[in-house]
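>>> got a predicted structure plus its sequence, pasted below:
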Amino acid sequence: GALVYQYPRRTICKSGTSMRMECQAVGFQATSVAWYRQSPQKTFELIALSTVNSAIKYEQNFTQEKFPISHPNLSFSSMTVLNAYLEDRGLYLCGAREGANTLYFGAGTRLSVL
Amino acid sequence: QQQVRQSPQSLTVWEGETAILNCSYENSAFDYFPWYQQFPGEGPALLISILSVSNKKEDGRFTIFFNKREKKLSLHIADSQPGDSATYFCAASANYGNEKITFGAGTKLTIKP
């Protein structure tokens, strides 16, 4: 079956530092990957949508300079949160799909910032 | 603005009853509506979905009723079980799911045994 693995599951970083999270698709080809942030106040916020062989599209309020994303092949994607601050706390979810099929989510990376 | 709205924010029903979760949307271009189920500490998992060309979709105890004219849909969970206790997210996208998926704020469902 189709699975999406995210790691680390939890991470804590000091304010102003950066952390990288990874997403691995198993059992299907992740032609597109969507990175979301889930927080109690704002439910699911789409950060960016990455489609293989296309430019990564960032949503309003999110930039490549702050959340650089890599999607080098059909099974892997990574995102870095640069200069993390308290407002960046939340559960970061990777959703991957093959074509127009079901969007599968990983369990998320929970980011805490001290 | 919130393009996908869900109500109620939380819902408690007794085991065996039917839980009804509501969702409405604003964007007429939305034509694909997945519902996701999320347990604490886990990522959301697709439960059931419907395309706007249909007005009803059933999968076991789960049924979506869709009203395109009113831009409303609802998820009915029949014979609810304690294991159904979770947060349910209504989502929507355009172009039969090829566009980005927009999520509602979720309904936290609790099933009392």
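It's in. All values reported here derive from a predicted model rather than from experimental measurement.
>>> hey, let's count contacts and neighbours off CA atoms from now on
Fine.
>>> excluding sequence neighbours, find me the nearest residue to B:Asn22.
Distances taken as Cα to Cα, 6 or more residues apart in numbering or on different chains put B:Ser74 closest to B:Asn22, at 4.4 Å, once the chain neighbours are dropped.
>>> correct me, but A:Thr80 touches A:Cys23?
No - in this structure A:Thr80 lies outside contact range of A:Cys23 using Cα atoms under 8 Å: 11.5 Å.
>>> more neighbours: the two, which one.
A side-by-side neighbour count of A:Thr80 and A:Cys23, using other Cα atoms under 10 Å in any protein chain shown, places A:Cys23 first with 27 against 18.
>>> return the set of residues that bridge with that one.
For A:Cys23, the beta-bridge partners are A:Gln6, A:Ser77 (DSSP bridges).
>>> any idea how far it lies from B:Ser7?
32 Å (Cα to Cα, to the nearest Å).
>>> which residues touch residue 29?
All of this refers to chain A. A:Gln29 makes contacts with A:74-75, A:97-98, as judged by Cα atoms under 8 Å, 6 or more residues apart in numbering or on different chains.
>>> if you could check chain B rather than the one you did, that'd help
B:93-95.
>>> and A:Leu111, by the same measure?
Taking Cα under 8 Å, 6+ apart, one finds A:10-13, A:88-92 in contact with A:Leu111.
>>> assign a three-state SS to it, would you?
The three-state assignment at A:Leu111 reads strand, by DSSP: H, G, I helix; E, B strand; the rest coil.
>>> ranges for the strands of chain A?
Here chain A has its strands, by DSSP state E, at A:3-7, A:10-13, A:19-26, A:32-39, A:43-51, A:57-58, A:69-73, A:76-81, A:90-97, A:104-105, A:109-113.
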